[in-house]
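# dropping a prediction and its sequence here:
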Amino acid sequence: SAVISQKPSRDICQRGTSLTIQCQVDSQVTMMFWYRQQPGQSLTLIATANQGSEATYESGFVIDKFPISRPNLTFSTLTVSNMSPEDSSIYLCSVGSGNYGYTFGSGTRLTVV
Amino acid sequence: AQKITQTQPGMFVQEKEAVTLDCTYDTSDPSYGLFWYKQPSSGEMIFLIYQGSYDQQNATEGRYSLNFQKARKSANLVISASQLGDSAMYFCAMSENFNKFYFGSGTKLNVKP
């Protein structure tokens, strides 16, 4: 299965600022997925990122708040914009791995103060 | 309706004993996959085991086995010989044709020495 390098692993940010999270995959993949996991909650899909097209956002998530880039088949970024304390979560990128389901990055633990 | 239901928010098990984590699912698609993931306190998501809807036998991976009861739409995870390192959150997930994943709310397992 694919190996994903995600960074930063954690950050503490001031409200009103933005943070960009990067995911690098060791193989070419068509779709990359971005999830949010709020404290004590399950994973919620933010968007699906395809190379060469705009990301597809799930209900409740908008591009202005969570812009995504997908410049090639091995890399994607998620930006959390104009952050508030409610954005404090773990953010995870993932790719499909067939019968292994999703392979996940190691996650970014974001705290907004 | 919830696609994936995990009814046990928390579980305790004595070290070296077996434990069953419950998961029920809801789908009308005949082709689907069921997955279990482990999330330690570090936040990463670790794939444990996969069961396809057409698989005749229950999946096993080392100390992990999946008790698949298709008619009851349940996919319980059995961990044998629990170890202290098994203490973590466990998520059941389902994919319909690998297009989209649905995660349960998770079960926090605590292994007592």
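Perfect, thanks for sending it.
# going by C-alpha atoms from here, please, whenever you check contacts or count neighbours.
Fine.
# look up how far chain A lies from B:F68.
In this view, B:F68 and chain A are 16 Å apart by CA to the nearest CA, to the nearest Å.
# just to check, that residue is in contact with B:T60?
No - between B:F68 and B:T60 there is no contact under CA atoms under 8 Å: 10.8 Å.
# so which of those two has more stuff around it?
B:F68 (23 against 16; other CA atoms under 10 Å in any protein chain shown).
# residues contacting residue 68?
Answering for chain A, as no chain was given. When contacts are counted by CA atoms under 8 Å, 6 or more residues apart in numbering or on different chains, A:I68 is found next to A:49, A:55, A:76-79.
# was after chain B, sorry
B:51, B:58, B:74-76.
# tell me the residues of chain A that contact chain B?
A:41-43, A:90, A:96, A:98-107, A:109 (CA under 8 Å from any CA of the partner chain).
# 10 Å - rerun?
Residues of chain A lying close to chain B by CA under 10 Å from any CA of the partner chain are A:9, A:33, A:37, A:40-45, A:48, A:90-92, A:94, A:96-109.
# how many neighbouring residues does the spatially closest residue to B:V13 that is not a sequence neighbour have?
Using CA to CA, 6 or more residues apart in numbering or on different chains and skipping the chain neighbours, the partner closest in space to B:V13 is B:V111 (5.0 Å). B:V111: 20 surrounding residues under other CA under 10 Å.
# hmm, B:Q83 and B:V111 touching each other?
Yes - between B:V111 and B:Q83 a contact is recorded at 6.7 Å, counting by CA atoms under 10 Å.
# and for these two, which residues touch both?
Common contact partners of B:V111 and B:Q83 (CA atoms under 10 Å, 6 or more residues apart in numbering or on different chains): B:13-17.
# can you show me the strands along chain A?
Ranges of strands in chain A, per DSSP state E, are A:4-7, A:10-13, A:19-25, A:31-37, A:44-50, A:56-57, A:68-72, A:75-80, A:89-96, A:102-104, A:108-112.
# now the lowest-mean-pLDDT helix or strand in chain B, how far from the centre of its chain.
Within chain B, no helix or strand scores below strand B:101-103, which has a mean of 88 by mean pLDDT, DSSP states H and E. Relative to its parent chain, strand B:101-103 has a centroid offset of 12 Å by CA atoms, centre = their mean, to the nearest Å.
# who does the helix or strand following that strand touch, helix- and strand-wise?
Counting by DSSP states H and E, the next helix or strand C-terminal to strand B:101-103 is strand B:107-112. Helices and strands touching strand B:107-112, by 3 or more CA pairs under 10 Å, 6 or more residues apart in numbering or on different chains; DSSP states H and E, are strand B:10-14, strand B:19-21, strand B:32-39, strand B:88-96.
# just want the angle from the longest one to strand B:107-112.
Read that as strand B:88-96. Using axes from the mean of the first three to the mean of the last three CA atoms, to 10 degrees, the direction of strand B:88-96 lies 150 degrees away from that of strand B:107-112.
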